[in-house]
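> Okay, predicted coordinates and the sequence, questions at the end:
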Amino acid sequence: MSKKYQNYINGKWVDAKSGKTFENRNPANWDEVVGTFPLSNKDDVNEAVKAARTAFEEWRLVPAPKRGDILRKVGDLMTERKEQIARLMTQEMGKVLLETRGDVQEGIDTAYYASSEGRRLFGHTVPSELPNKFNMAVRMPIGVAAIITPWNFPMAIPTWKIFPALVCGNTIVFKPASDTPATATALVEILIEAGVPPGVVNIVHGGGSEVGMVLVEHPDVDLISFTGSTGVGKKISEVASKTLKRVSLELGGKNAQIVMDDARLDLALEGVLWGAFGTTGQRCTATSRLIVHEKVYDKFLSMVVDKAQKLHLGDGLDEKNEVGPCVNENQRKTVDSYVQIGKGEGAKVVAGGKVASGNGLSKGWFYEPTVLADVTENMRVAKEEIFGPVLSVIKVRSLDEAIRIANNTTYGLSSSVYTQDINNAYHAIRDLKAGITYINAPTIGAEAHMPFGGVKETGNGHREGGWTVYDFFSEWKTVYVDYSGKLQRAQIDNA
Ligand code: UN1
């Protein structure tokens, strides 16, 4: 019997009001059911929003350092359960243990950062233009935040949003991806154990239209923080504008790694394999394009092909495996259809290019790590997000051309340049249109205490991570204290 999971609303574990459920299966072995989850709808969402709204009135008054103390405990509990959660995550979404451990670690780092932020949450004091008057700007809680998260980082991404939201004094309704509801539940269990009061954190499982969009439309939800596809992000933005909600969107990417002729190819090779095939290519930061200087193109391409073909595919729980399955059937279909599109456009499949078969692979959504060579900049495989183990390789004659092509997409999340030339590196830092640029490192691997996000259709200008996310989850209040004992008119009495 698989485990039966529930929603958590107003301090209680409950089924969906409709009684309906859905199953979550292991993508490396679709016979295995990880759990059964409530298939919620607007009735469950309304209940959760009501609980969060009520709880907000007390939670906003808890001193921020105390809210931070709870998050320190959360970090401690996550540390204790790191291995257990990593295994559960591998089971429900497929990426290898090494990476699911990293995912949990990113959550732990975020917990400790947020916990200490409870003792900062700095505002500003600013001199007044008038005598005997004091000016300051302080951060205030906003209200109810809807947290809508993807399956590729089932622990890290929810923590990037939930922990800062809580430290800032907001309450939460959490709608995790329906491919990773078990990991999300493990996070909520920890929050409860660490002492988050009833109603402050609620989780509602179910689909995007039945739960996610209901939250986006809900008049009593103040904030939406969403990570997912650009298509869904645009829809959210449109719908949320009707109630003027504050919305943070972290969307797609089509990230490029540039390899110059002076690069250390051994290093660039490790980088591109990790960037393109880590998490089976299912990161918004994944290296989806490799842009190589013509002088080293043939040599570097054959190095990449050789290694890509040797990557060990299989169940992520077995530590000898380096690449897990795609998360589900649809995702694998999308990957394969892009490979066909690439071929049709004239790209050459030089590694992989098909559904993987062989020992231990027959009941999972495995796809061979794929390299498409001779891709040109306007092919769809050079511009559209694939979200799978497919690398498009493009040849260029100069750094300027490489940067121009890297920028020739509607996305702008991560970017990377391998070069030994400091001048090249700084040109790239200045000119790459992306929220993140790595020098001599792959496009993946953002650290929790640094701003994370992109430009163009990768988002709407907000940043998660680091100190920047606190701007999203708090409202500035400007305060003037006049202790002169008389009416002082700004712009008039000091003229
Ligand atoms: C994502 O792909 O949505 O930088 C997040 C990275 C990870 C986070 C990725 N730390 O690749």
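Nice, I can see it.

> so after the helix or strand containing residue 113, what's the next helix or strand?
Assigned by DSSP states H and E, residue 113 belongs to helix 97-117. Per DSSP H and E, the first helix or strand lying C-terminal to helix 97-117 is strand 124-127.

> residues in contact with that following strand?
Applying Cβ atoms under 8 Å, 6 or more residues apart in numbering, the contact partners of strand 124-127 are 134, 135, 136, 137. Yep, even glycine has a C-beta here, placed from its N, CA and C like the rest.

> Give me the next element, helix or strand, following the helix or strand encompassing the third one.
To tie it back to what came earlier, the one meant is residue 136. Take DSSP H and E as the rule and residue 136 turns out to sit in strand 133-140. Under the assignment DSSP H and E, the closest C-terminal helix or strand after strand 133-140 is strand 144-148.

> and that next one, which strands flank it?
Paired neighbours of strand 144-148 in the sheet (DSSP bridges): strand 171-175 (parallel), strand 223-227 (parallel).

> Tell me if that strand is near the ligand.
No. Taking Cβ under 6 Å from any ligand atom as the criterion, strand 144-148 and the ligand are apart, separated by no less than 13.2 Å.

> can you start the count at 355 instead of 1 from here on
Yep, numbering from 355; the last one is strand 498-502 now.

> list the helices and strands the helix holding residue 467 packs on?
helix 418-434, helix 436-447, helix 510-521 (3 or more Cβ pairs under 8 Å, 6 or more residues apart in numbering; DSSP states H and E).

> Could you check the angle the longest one makes with strand 487-494?
Right, the one you point to is helix 418-434. 30 degrees (axes from the mean of the first three to the mean of the last three Cα atoms, to 10 degrees).

> which outside residues touch helix 418-434?
Under the contact criterion Cβ under 8 Å, 6+ apart, helix 418-434 has outside partners 413, 439, 458, 461-462, 465-466, 468-473, 475, 517, 520-523, 544-545, 547-550.

> The helix or strand containing residue 593 and the ligand, are they touching?
Applying DSSP H and E as the criterion places residue 593 in helix 584-595. No. Judged by Cβ under 6 Å from any ligand atom, helix 584-595 makes no contact with the ligand; its nearest approach is 12.6 Å.

> And the residue of the stretch 605-754 of the chain closest to the ligand?
Across the stretch 605-754 of the chain, no residue is closer to the ligand than residue 637, which sits at 3.3 Å (Cβ to the nearest ligand atom).

> Not counting sequence-adjacent ones, nearest residue to that residue?
Counting by Cβ to Cβ, 6 or more residues apart in numbering, residue 637 lies nearest to residue 798, which is 5.5 Å off, once chain neighbours are set aside.

> okay, now that neighbour: neighbour count?
For residue 798, the count of nearby residues is 24 (other Cβ atoms under 10 Å).

> Quick check, pLDDT for it.
On pLDDT, residue 798 comes in at 98.

> Roughly how far does it sit from residue 678?
15 Å (Cβ to Cβ, to the nearest Å).

> Residue 663 too?
17 Å.

> Those two: which has the busier surroundings?
More crowded of residue 663 and residue 678, by other Cβ under 10 Å: residue 678, with 29 against 13.

> Contacts only, for residue 410.
495, 497, 498, 524, 525 are the contacts of residue 410 under Cβ under 8 Å, 6+ apart.

> remind me which residues of this protein are low pLDDT?
355 (pLDDT under 70).

> Any residues of it in contact with the ligand? List them.
Proximity of the chain to the ligand (Cβ under 6 Å from any ligand atom) is limited to residues 460, 506, 507, 581, 637, 638, 639, 798, 799, 800.

> Report the contact partners of the second one.
For residue 506, the residues meeting the contact criterion (Cβ under 8 Å, 6+ apart) are 447, 449, 633, 636, 637, 638, 681.

> Just the ones of those in helices?
Within the contacts of residue 506, residues falling in helices by DSSP state H are residue 447.

> Looking at neighbours, which among the contacts of residue 506 is most surrounded?
These, ranked by neighbours (other Cβ under 10 Å): first place residue 447, 33 neighbours.

> picking that back up, which strands and helices lie in contact with the helix or strand that the helix holding residue 593 is followed by?
With elements assigned by DSSP H and E, the helix or strand that comes after helix 584-595 is strand 600-604. With contacts taken as 3+ Cβ pairs under 8 Å, 6+ apart, strand 600-604 sits against strand 577-581, helix 584-595.

> Can you tell me which of these is most buried?
strand 577-581 (a mean of 25; mean count of other Cβ atoms under 10 Å).

> who does the helix holding residue 593 touch, helix- and strand-wise?
helix 567-571, strand 577-581, strand 600-604.

> any idea of the angle that helix forms with strand 498-502?
If you take the same axes, to 10 degrees, helix 584-595 sits at 160 degrees to strand 498-502.

> how about the helices and strands packed on strand 600-604 in a markdown table, adding distance to residue 847?
A markdown table is the format used below for the helices and strands packed on strand 600-604 (distance: least, Cβ to Cβ, whole Å):
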| stretch | distance to residue 847 |
| --- | --- |
| strand 577-581 | 39 |
| helix 584-595 | 41 |
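
> Which one of the ones you listed lies nearest to residue 691?
Ranking those by distance to residue 691, with Cβ to Cβ as the measure, places helix 584-595 first at 16.0 Å.
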